[in-house]
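Colleague: structure of the sequence below:
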Amino acid sequence: MACKKNNAKAQLEIYNRYYKAMYNTVYRIVNQPDDAEDVMQEAFIKAFDKLHSFKGNSTFGAWLKRIVVNESLTWIRRNKSDKYVDIEKVNLPELKESDFDDAIDKCRIEQILQSIMQLNDKHRIAMSLHFIEGYDYEEIGEIMHVSYANVRTIISRAKTKIREKLNVNVS
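Modeller: Alright, predicted model coming up:
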């Protein structure tokens, strides 16, 4: 691969191929357009520096997305001082996955995406990683450095907040 040999033309081709998708991923996590651009640039620099570690066990896009997500979360930790209550100490009712699916049937997708972007960082990141990026709870737990149960609770709470924002009543 020419990129591994620091071929600028090959790196630009990779950048152009993945730019938009990676920017959208970063933006959904950091929630600020200018910061998303900076984070994405840093992620590409890191990826090009670490190309030697890409073993081909997954697609290049998946490998790059993991770097982009990790770089976004690093930015959040460095630049946000929001304090959170330990989610494991909050007693919430168990919600069914189908409850959220029913809410989608009652609302326009744009409203739901807009509501996700208005959530606090932890909820927005978990929802974006699960419902938009397609990560499972275990993967999200690894990315966010929380337990599987914590991810379930975070996503459950985020769904409740979205329902409240959209005034969706689900039986």
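Colleague: which secondary element of this structure has the worst mean pLDDT?
Modeller: helix 97-106 (a mean of 58; mean pLDDT, DSSP states H and E).
Colleague: what lies in contact with the host helix or strand of M127?
Modeller: Assigned by DSSP states H and E, M127 belongs to helix 121-127. With contacts defined as C-beta atoms under 8 Å, 6 or more residues apart in numbering, helix 121-127 is touched by 28-29, 31, 72-73, 76, 80, 82, 84, 87, 116-119, 140, 144, 151, 154-155, 157-159, 161-162. The C-beta positions use only the backbone N, C-alpha and C, and glycine is treated the same way.
Colleague: run the chain-centre distance for it.
Modeller: Taking C-alpha atoms, centre = their mean, to the nearest Å, the mean C-alpha location of helix 121-127 is offset from the chain mean by 7 Å.
Colleague: can you give the distance of the helix or strand following it from its chain's centre?
Modeller: Downstream of helix 121-127, the next assigned helix or strand under DSSP H and E is helix 137-144. Put simply, helix 137-144 sits 10 Å off its chain's centre (C-alpha atoms, centre = their mean).
Colleague: kindly format the C-alpha coordinates of helix 137-144 as CSV.
Modeller: Written as CSV, here are the backbone C-alpha positions of helix 137-144 (Å, rounded to 0.1, in the frame of the first residue of the first chain):
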residue,chain,number,x,y,z
TYR,A,137,-23.3,-2.7,23.5
GLU,A,138,-20.0,-4.5,24.2
GLU,A,139,-18.1,-2.5,21.6
ILE,A,140,-19.6,0.8,23.0
GLY,A,141,-18.6,-0.3,26.5
GLU,A,142,-15.0,-0.8,25.3
ILE,A,143,-15.0,2.6,23.4
MET,A,144,-16.5,4.5,26.3
